[in-house]
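Asks: here's my sequence, what's the structure:
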Amino acid sequence: MEAVSNIAEEKLLKHLDHVLNSKSFEGVDRLKRFLSFIVNETLAGRGDQLKEFTVGEYVFDKKSDFDPRSDPIVRVQAGRLRARLTRYQLEEGANDELLIELPKGRYVPVFRAREAGLPKRSITAVLLERNTVLVVPFESQSSDPELAYLCKRLTQDVTHAVTQVEGLIVTACGERGLATVLDHAVAGIQPFAAILIYGSVQLRGSQVRVTLQLIEGSNGKYLWSHTMDRPASKDSSALQDSSALQDEIAQLIADKLREGFSEHGWKRRDEEAKKNLAANNLYLQGRYQLEQRTEESLLLAVGLFKKAIAEDSQFARAHAGLADAYELLGHYGVLAPVEVWTKAPTSAGLAVLLDDSCAEAHISLAHVRSTQDWDWEGSENEFRKALDLDPRNPTAHHWYAVSCLAPFGRLDEALDSMQVARALAPLSCIIACDCARVHYYRGEYDFALEQCEQAIELSPYFSQAYWMLGFIQEQHRELEKSEEAFNRALELWPRSRRSKSGLARVFAKLGRKKEAQYLLKELEQLSQVCYVSPWELASIHFALGDEASGFEWLKKAFKDRSFELITVKVDPHFDHLKSNPIFHELASQLGLP
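Replies: Numbering: from 1, shown residues only. Next comes the predicted model:
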């Protein structure tokens, strides 16, 4: 409590109000309530009572039977709150005199004055430092001492390697970690560096993963990211050949810096300036239409991408956009798979052929390989290439999470990837919806519903947000609310087969079988004149208790490679089928472990 006594309470409350009303805390009412509660309780002298149960009861309205051991809501939200505070302190609050911090494992905030630094840098200093790099100590994300020692050696080897790059100035960092360095760099406090080199090492089963990153020193933006997996020794977490890996990493970073630096500083690709302006404008309009995720907007996107290609046939990103549009038309049940199977991979493959350095091209190809080919290894390789090329591309993180990591059951990684996507594209409704999807797969229904609410706040007319809300509420047995959500989704997109199917399932589960059967018949008749995903029809039959018909339609869904099937491992909607040998045989076609 020493920090509290040294800083006037009035000053702390004024700072708290500034934080809560910042852009960093927009649209996160629960986190604002969380922060306000723990700060005010601490200032009132009740910090010793801030336990997980107390926070759950007063902030998240948990009842007296709340058990933090089985419900991690407080711990998860505390992690999100720390991330928001860090974001605020690095961006809007970079020059604030006060800091509010929430130490890991505790719910009592710490208040402290920002350490006084050296004077802000001048324009002359910026010009002098533009070819300056700083190697931040590599961090071990495991408790094993051998990995900590490996991090020290990697830091030394990388430092030595970059000193050999002609034209670079390498500055000392000491033992400060990435958060401290970024805090100083973004605030304009020494030490200065144009580029920060950072890495982490993590033990993942029998593999050791090394993550390497180049970060822009002035604003904390990622310029490049790369991961490497190597087998660990059988009797320890040490690498089988750590010396070779150290040399490889040092050389890789040195080569990347040689490629990226020039006498004028870090090179930035400005592809748009080199492209046909009309083609680029059409491409950007197509991307905007893709984000809307309606039948009309997706078809319009196809036309816009085709026009962009007509303007510039060598425009790789336009071909990638066309591939994405066809893929999404298939996923949303607008086009039959036979119409998509050749068009999407052809456009994605051509995009890569035209420009292998185009991240969007590799994203499109990765998406095709996972959702259409069920080639999981090939998909992950393409996603990694895309992220190496453009680590700040939100779609790369988004689709990597939902179409590659989640199907494998790697839900922690999927959530991390989705959170990065949200940070990169905070106004994207579809990314907010798919954040909800990943929380739903993890069984975190409260968080999933919160993400849906945020998506609706971003755009009250975004039909997919209501579809996702109804989908989650259906599984959570909030059937009346689910009915309302599906009805609203249908108001916004009347031709949506997915929303109509969801409403039919809810009717069946509410015992309103005649209404469910009416919608089922309507969809079956519609399937005679346009495409309706067999999965939608199968799910209604299962909800009505007709397993025989359900499995007949499910077999057709596997034959069509319906998009929904890639999540059979993690989606609770499939749980009631998993004991059936027919389902087990069908699911084996996916090739998932």
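Asks: flag the shaky bits of the stretch 51-200 of the chain, pLDDT-wise.
Replies: Residue ranges of the stretch 51-200 of the chain with pLDDT under 70: 70, 87, 90-91, 115-131, 167, 172-193.
Asks: domains in the chain, by residue range?
Replies: Domains of the chain are assigned by automatic domain parsing as 2-113, 123-266, 271-360, 424-590.
Asks: by mean pLDDT, show me the worst of these.
Replies: Of all the domains of the chain, the minimum mean pLDDT falls on domain 123-266 (a mean of 71).
Asks: confirm R209 sits in a strand?
Replies: Yes - judged by DSSP: H, G, I helix; E, B strand; the rest coil, R209 forms part of a strand.
Asks: that one reaches M228, doesn't it?
Replies: Yes - between R209 and M228 there is a contact at 7.1 Å, judged by CB atoms under 8 Å. Any C-beta I mention is one placed from the backbone N, CA and C, and that applies to glycine too.
Asks: quick one on the thing from earlier: can you add mean neighbour count and give the domains of the chain back as TSV?
Replies: Output for the domains of the chain, formatted as TSV (neighbours: other CB atoms under 10 Å):
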stretch	mean neighbour count
domain 2-113	16
domain 123-266	17
domain 271-360	20
domain 424-590	19
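Asks: distance check, the residue nearest the centre of the chain against S403.
Replies: Compute the mean C-alpha point of the chain, and by CA atoms, centre = their mean the closest residue is M418, 1.5 Å away. Distance from M418 to S403, counting by CB to CB, to the nearest Å: 12 Å.
Asks: what's near enough to touch the residue nearest to the centre of the chain?
Replies: 397-398, 401-402, 431, 434-435, 438 (CB atoms under 8 Å, 6 or more residues apart in numbering).
Asks: Throw those into JSON lines and include secondary structure and distance to S64, thanks.
Replies: Shown next, in JSON lines, are the contacts of M418 (DSSP: H, G, I helix; E, B strand; the rest coil; distance: CB to CB, whole Å):
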{"residue": "H397", "secondary structure": "helix", "distance to S64": "40"}
{"residue": "H398", "secondary structure": "helix", "distance to S64": "39"}
{"residue": "A401", "secondary structure": "helix", "distance to S64": "36"}
{"residue": "V402", "secondary structure": "helix", "distance to S64": "37"}
{"residue": "I431", "secondary structure": "helix", "distance to S64": "37"}
{"residue": "D434", "secondary structure": "helix", "distance to S64": "35"}
{"residue": "C435", "secondary structure": "helix", "distance to S64": "30"}
{"residue": "V438", "secondary structure": "helix", "distance to S64": "30"}
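Asks: any chance of these in a markdown table, plus distance to R369?
Replies: Below are these laid out as a markdown table (distance: CB to CB, whole Å):
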| residue | distance to R369 |
| --- | --- |
| H397 | 17 |
| H398 | 16 |
| A401 | 15 |
| V402 | 14 |
| I431 | 21 |
| D434 | 19 |
| C435 | 23 |
| V438 | 20 |
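Asks: between the residues you listed, which is nearest F25?
Replies: Within the contacts of M418, the smallest distance to F25 is 17.0 Å, found for C435 (CB to CB).
Asks: hang on, the earlier thing: any idea how far the residue nearest to the centre of the chain lies from P109?
Replies: Separation of M418 from P109 (CB to CB): 27 Å.
Asks: out of the contacts of M418, who's nearest D71?
Replies: D71 has its nearest neighbour among the contacts of M418 in V438, at 18.1 Å by CB to CB.
Asks: next up, the contacts around the closest one.
Replies: V438 neighbours (CB under 8 Å, 6+ apart): 401-402, 406, 411, 414-415, 418.
Asks: give me the subset of those that lies in helices.
Replies: If you go by DSSP state H, the contacts of V438 have 406, 411, 414-415, 418 in helices.
Asks: of all these, which two lie farthest apart?
Replies: Largest separation among those by CB to CB: L411 and M418, giving 10.1 Å.
Asks: about what we covered before: which neighbours do M418 and S403 share?
Replies: With the criterion set as CB under 8 Å, 6+ apart, the contacts of M418 and S403 do not overlap.
Asks: how about the strands of the stretch 201-350 of the chain, start to end?
Replies: 207-216, 222-231, 261-262, 265-266 (DSSP state E, counting those that start in this stretch).
Asks: select, out of these, the one closest to A161.
Replies: Closest of these to A161 is strand 207-216, at 12.1 Å (criterion: CB to CB).
Asks: name the element the nearest residue to R293 once chain neighbours are set aside belongs to?
Replies: Nearest in space to R293, with sequence neighbours left out and distances taken as CB to CB, 6 or more residues apart in numbering, is Q464 at 5.0 Å. Taking DSSP states H and E as the definition, Q464 sits inside helix 463-475.
Asks: what is that helix packed up against?
Replies: Packing contacts for helix 463-475, counted by 3 or more CB pairs under 8 Å, 6 or more residues apart in numbering; DSSP states H and E, involve helix 429-441, helix 445-458, helix 479-492, helix 497-509.
Asks: columns distance to E296 on top of these, output as JSON lines?
Replies: Listed next are the helices and strands packed on helix 463-475 as JSON lines, based on distance: least, CB to CB, whole Å:
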{"stretch": "helix 429-441", "distance to E296": "16"}
{"stretch": "helix 445-458", "distance to E296": "20"}
{"stretch": "helix 479-492", "distance to E296": "11"}
{"stretch": "helix 497-509", "distance to E296": "15"}
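Asks: do I have it right that G550 meets P534?
Replies: No - G550 is not in contact with P534 according to CB under 8 Å; the separation is 10.3 Å.
Asks: so who does G545 touch?
Replies: By CB under 8 Å, 6+ apart, the contact list for G545 reads A508.
Asks: any idea how far it lies from K556?
Replies: Distance from G545 to K556, by CB to CB: 20 Å.
Asks: can you list residues touching both of R209 and M228?
Replies: Shared contacts of R209 and M228 (CB under 8 Å, 6+ apart): none.
Asks: about what we covered before: which of the helices and strands packed on helix 463-475 sits closest to H15?
Replies: Closest to H15 of these is helix 445-458 (CB to CB; 25.4 Å).
Asks: output the contacting helices and strands for the closest one.
Replies: With contacts defined as 3+ CB pairs under 8 Å, 6+ apart, the packing partners of helix 445-458 are helix 73-90, helix 429-441, helix 463-475.
Asks: give me that answer again for 7 Å
Replies: If contacts are counted by 3 or more CB pairs under 7 Å, 6 or more residues apart in numbering; DSSP states H and E, helix 445-458 sits against helix 429-441, helix 463-475.
Asks: can you put these in a markdown table and add distance to W341?
Replies: Listed next are these as a markdown table, based on distance: least, CB to CB, whole Å:
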| stretch | distance to W341 |
| --- | --- |
| helix 429-441 | 23 |
| helix 463-475 | 24 |
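Asks: mind checking which of those helices is nearest E146?
Replies: Using CB to CB, the nearest of the helices and strands packed on helix 445-458 to E146 is helix 429-441, at 32.7 Å.
Asks: how distant is the closest one from the center of its chain?
Replies: Remark: helix 429-441 is offset 9 Å from the chain centroid, using CA atoms, centre = their mean, to the nearest Å.
Asks: just the angle for that helix relative to helix 73-90, thanks.
Replies: Per axes from the mean of the first three to the mean of the last three CA atoms, to 10 degrees, the angle that helix 429-441 makes with helix 73-90 is 150 degrees.
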